Every structure is written in C-alpha cells, then in structure tokens.
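Engineer: structure for this input, please:
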Amino acid sequence: MTDKYEIKLPVIKKALGNDGFIDIKKSSPKNIRDGLETIALYFKREERYDHIQYCADEYGNENPEYHGFAFTESAFDAMEENDAETPTRLLGGGCFRKRKVKEGEIWILDWVWIHPYARNKGLFTNRIDYFKEVFGDFLPEPPLSKPMEHLFFNKIRT
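Structural biologist: Sure thing, here's the model as predicted:
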C-alpha cells in the first residue's frame, strides 16, 4: 500500500548529462517517459486534478504534439555496486503542447511540477530563455498557481 502523501522521485539508471535538464519527446526511452509520468502524477495530486496531464504512452492524432522536460540531479545515493554510471534523479518536470487557436498553432506550457524541496532554486526560471527560444511566445495553460502567475507575468512576458 502506498501513502498518498509519499513522494518517491523517479531514478533513471543512466547518467543523463550534468546540466540538470533533459528534453523528453515521444521518441525518448520508455523509462524516461515513465519518469515524467510519475512527475505528472504528483502534479495531479497536488493540484487535485481529476486526470493526469501526461502519459508515457501518448500516441495518435488525438493527442497534440508535446515536448516534455525534466529537471535532474545525479543520484549518487541510488548507485549500486555494479553500476557503470551514476543514476539520474528527476526532481520535477513539465510539458509543452502545441494547440490550435484561431490565429494558427501555438505552444502552451501545459503543466510544471517540481519537488517541494527543489522549488525556489531557479530550476524553471533559469530555463526561460531556452523555452522562449524553442517555443517562441508561449502561453501558460490556466489555471495558474500564484507562484506561476507571478513568474509568468513578471519574468516570461517581459
């Protein structure tokens, strides 16, 4: 039985780089997409949504194009004796989705969740320039949390 308040961050048994960030797409390995799905589950629980915002096996035309991402750190504590490389822990993540609007298509920041201990450390804000470069003039999916509302209208839209 799992405790609904427990947060067990996904650990990928592979070194995924040292810059603390990975892009996640439909072509990404399944274990990485599964990790992002776990992060989406924590987002669902915290925000009390009825449905999960991301599934690792999203397929077909009914699902809009997406571009996921995760914030990472080395998981030295998860290393086992025979590991050839340091595992990677996902600290949080989110997803952009392409949506049709009357003017055409636009990228929407669909959701973002970061572990409470990793919040307010710049994980998301340090990537804003990257997100603007990749997704252009993106919009957030409402409703916005107070911190996201502040961030979006004071840092992203300026």
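
Engineer: test my guess that I32 contacts I12.
Structural biologist: Yes - the pair formed by I32 and I12 meets the contact definition of C-beta atoms under 8 Å, at 6.0 Å. For the C-beta atoms, the positions are set from N, CA and C on the backbone; glycine is no exception.

Engineer: which of those two has more neighbours?
Structural biologist: Between I32 and I12, counted using other C-beta atoms under 10 Å, the more crowded position is I32 (23 against 20).

Engineer: who are the packing partners of the helix or strand where the more buried one lies?
Structural biologist: Under the criterion DSSP states H and E, the helix or strand holding I32 is helix 30-47. Counting contacts by 3 or more C-beta pairs under 8 Å, 6 or more residues apart in numbering; DSSP states H and E, helix 30-47 packs against strand 11-12, strand 21-24, strand 66-74, strand 88-101, strand 104-114.

Engineer: could I get those as TSV with distance to D137 and mean pLDDT?
Structural biologist: Listed next are the helices and strands packed on helix 30-47 as TSV, based on distance: least, C-beta to C-beta, whole Å; pLDDT from 0 to 100:
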stretch	distance to D137	mean pLDDT
strand 11-12	32	94
strand 21-24	20	96
strand 66-74	15	95
strand 88-101	12	94
strand 104-114	8	93
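
Engineer: quick one: the residue nearest to G68 when sequence neighbours are not counted from F71, how far?
Structural biologist: Nearest in space to G68, with sequence neighbours left out and distances taken as C-beta to C-beta, 6 or more residues apart in numbering, is I24 at 3.5 Å. Applying C-beta to C-beta, to the nearest Å, the value for I24 to F71 is 11 Å.
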